[in-house]
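*Asks:* the following block contains a protein sequence and its predicted model.
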Amino acid sequence: MTPHAATAAADLETDLDIVKKPFEAEVYDVMGNSSRWEVKVHEHGLVALLDVMPRFAPVGKTADFAIVQAARVSYGEGTKQVNEDRGLIRYLARHRHTTPFEMVEFKFHHVMPIFVARQWIRHRTANVNEYSARYSVVRDRFFKPTPANVRRQGTSNRQGGDEPMDAATASDFLNYLDEVEKSYERYQEFLDKGVSREIARIALPASVYTEWYWKIDLHNLFHFLSLRMDPHAQQEIRDFANAMFALVKPIVPIAAEAFLDYNFESMHLTRLEIEAIKSGRPIDTTNKREAAEWDEKKKRLGM
Ligand SMILES: Cc1cc2nc3c(=O)[nH]c(=O)nc-3n(C[C@H](O)[C@H](O)[C@H](O)COP(=O)(O)OP(=O)(O)OC[C@H]3O[C@@H](n4cnc5c(N)ncnc54)[C@H](O)[C@@H]3O)c2cc1C
């Protein structure tokens, strides 16, 4: 050992007194002593909740308590006026005081098709560890829509489609997917011949499944869910987002309710839209898309 390494090692062996304090109140495991909570999505997909921070909550409270605890540290005396946890969380959500929501974290295990993972990975605020198809053999799992979910290209929404195709075309498409899935046999054939896994995988379709561990805090999870539970998101990723919300909701019910009330089911109004409401006149725009968006909002408002 070099003299420098010896000094560094000695520094680590301090006699610092680590005080380990018991919980101040009786606590319980917010996951009910389970190792994981799982929801199956489609035929092969999975959303599993593996862990939560805080894992323990005082009896009588939910993991929402960590949001309140953080807010009371940051605002100190200022939060005394709001003496009820639910009221404080809803205030924070309404006023976009987001950092207290970052004190709650979730670790998930997701199994999803690569075309869904491509959309999902655009959310940069999660920590991700993905299955390596260079290191391991890709498993024989492919996404196949139901016939009703072979959707027709939308005319107004260029990115998506809601209406199902006619039965014959849907059936044709599903047969085509069967053909594509046969590429798996050839993948295996080339692995057997000694082609590296990193090269052999490149011909596999985007419907093949990948999996990852995904850790995110509650603020960023709500941002993800607001975009991916939304009807504008592709149905297949929405199915995963809805499963995640279902898993998280019983753990932070107060924050989840506030998310629905002030974010997901709320509505943003532009200055032009506010002017249209105030004047009672049509919206002042020549942009057809903007006018159509205003029509949608008016419907929701019952106007
Ligand atoms: C319906 C829909 C259609 C879409 N269509 C397309 C498309 O056609 N093409 C396409 O490329 N993408 C598309 N996207 C992806 C979209 O543009 C975003 O990349 C994706 O939704 C992630 O959003 P985000 O950046 O807000 O999220 P996150 O990456 O989770 O970031 C959360 C927030 O953190 C902040 N942030 C994170 N990283 C940075 C950074 N580097 N710099 C500054 N701020 C940062 C931002 O405020 C951001 O909103 C689509 C998404 C949706 C929901």
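*Replies:* Okay, I see it. Keep in mind it's a predicted model, so treat the numbers as computed, not measured.
*Asks:* who's in contact with Ala70?
*Replies:* 99-100, 103 (C-beta atoms under 8 Å, 6 or more residues apart in numbering). (Each C-beta comes from the backbone N, C-alpha and C, glycine too.)
*Asks:* of these - the most surrounded one?
*Replies:* In terms of neighbours by other C-beta atoms under 10 Å, the contacts of Ala70 top out with Pro100 at 24 neighbours.
*Asks:* kindly reformat the contacts of Ala70 as a markdown table containing distance to Ala200 and pLDDT.
*Replies:* Compiled in a markdown table, the contacts of Ala70 are given as follows (distance: C-beta to C-beta, whole Å; pLDDT from 0 to 100):
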| residue | distance to Ala200 | pLDDT |
| --- | --- | --- |
| Thr99 | 46 | 96 |
| Pro100 | 48 | 97 |
| Met103 | 44 | 97 |
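*Asks:* what residues does stretch 97-104 touch?
*Replies:* For stretch 97-104, the surrounding residues in contact (C-beta under 8 Å, 6+ apart) are 52-54, 63-64, 66-71, 74, 91-93, 217-220, 222, 252, 255.
*Asks:* cool, stretch 218-228 as well?
*Replies:* Contacts with stretch 218-228, where a contact means C-beta under 8 Å, 6+ apart, come from 67, 98-99, 101-106, 119-120, 123, 125-126, 216, 233, 237-238, 240-241, 244-245, 248, 252, 255, 259, 263-264.
*Asks:* ok, of the residues you listed, which come out buried?
*Replies:* Buried members of these, scored by 16 or more other C-beta atoms under 10 Å, are 67, 101-106, 119-120, 123, 126, 216, 233, 237-238, 240-241, 244-245, 248, 252, 255, 259.
*Asks:* of the contacts of stretch 218-228, list those near the ligand.
*Replies:* Residues of these in contact with the ligand (C-beta under 6 Å from any ligand atom): 123, 125, 233.
*Asks:* just those residues now: which is nearest Ser196?
*Replies:* Nearest to Ser196 out of these is His123 (C-beta to C-beta; 30.4 Å).
*Asks:* if I look at the nearest residue to that closest one once chain neighbours are set aside, how far off is the ligand?
*Replies:* Among residues not flanking His123 along the chain, Phe224 sits closest, at 5.0 Å (C-beta to C-beta, 6 or more residues apart in numbering). Using C-beta to the nearest ligand atom, to the nearest Å, Phe224 is found at 6 Å from the ligand.
*Asks:* can you name the next helix or strand after whichever helix or strand Phe224 is part of?
*Replies:* Element membership of Phe224 [criterion: DSSP states H and E] is helix 218-228. Using DSSP H and E, the helix or strand that directly follows helix 218-228 along the chain is helix 235-248.
*Asks:* mean confidence score for that next one?
*Replies:* Mean pLDDT, helix 235-248: 98.
*Asks:* mind giving me the packing neighbours of that helix?
*Replies:* strand 37-41, strand 45-53, strand 105-113, helix 114-120, helix 218-228 (3 or more C-beta pairs under 8 Å, 6 or more residues apart in numbering; DSSP states H and E).
*Asks:* helix 235-248 and the shortest one, what's the angle between them?
*Replies:* What separates the directions of strand 37-41 and helix 235-248 is an angle of 160 degrees, with axes from the mean of the first three to the mean of the last three C-alpha atoms, to 10 degrees.
*Asks:* quick one, grab the pLDDT at the nearest residue to Arg300 once chain neighbours are set aside.
*Replies:* Leaving aside its sequence neighbours, Arg300 sits nearest to Met267 (C-beta to C-beta, 6+ apart; 6.5 Å). pLDDT for Met267: 95.
*Asks:* parallel or antiparallel, list what pairs with the helix or strand containing Tyr213.
*Replies:* Taking DSSP H and E as the definition, Tyr213 sits inside strand 209-217. Partners of strand 209-217 in the sheet, by DSSP bridges, are strand 105-113 (antiparallel), strand 127-130 (antiparallel).
*Asks:* name the residues that touch the first one?
*Replies:* Strand 105-113 has contacts (C-beta under 8 Å, 6+ apart) with 36, 41, 44-53, 120, 142-143, 206-218, 221, 236, 240, 244, 247-248, 251.
*Asks:* show me which of those residues are buried.
*Replies:* Neighbour-count burial (16+ other C-beta under 10 Å) is assigned, among those, to 41, 44-50, 52-53, 120, 142-143, 207-218, 221, 236, 240, 244, 247-248, 251.
*Asks:* domain-wise, how is the protein divided?
*Replies:* Per automatic domain parsing, the domain ranges recorded for the chain read 30-126+214-266, 144-206, 270-303.
*Asks:* deepest of the ones you listed, which one?
*Replies:* domain 30-126+214-266 (a mean of 18; mean count of other C-beta atoms under 10 Å).
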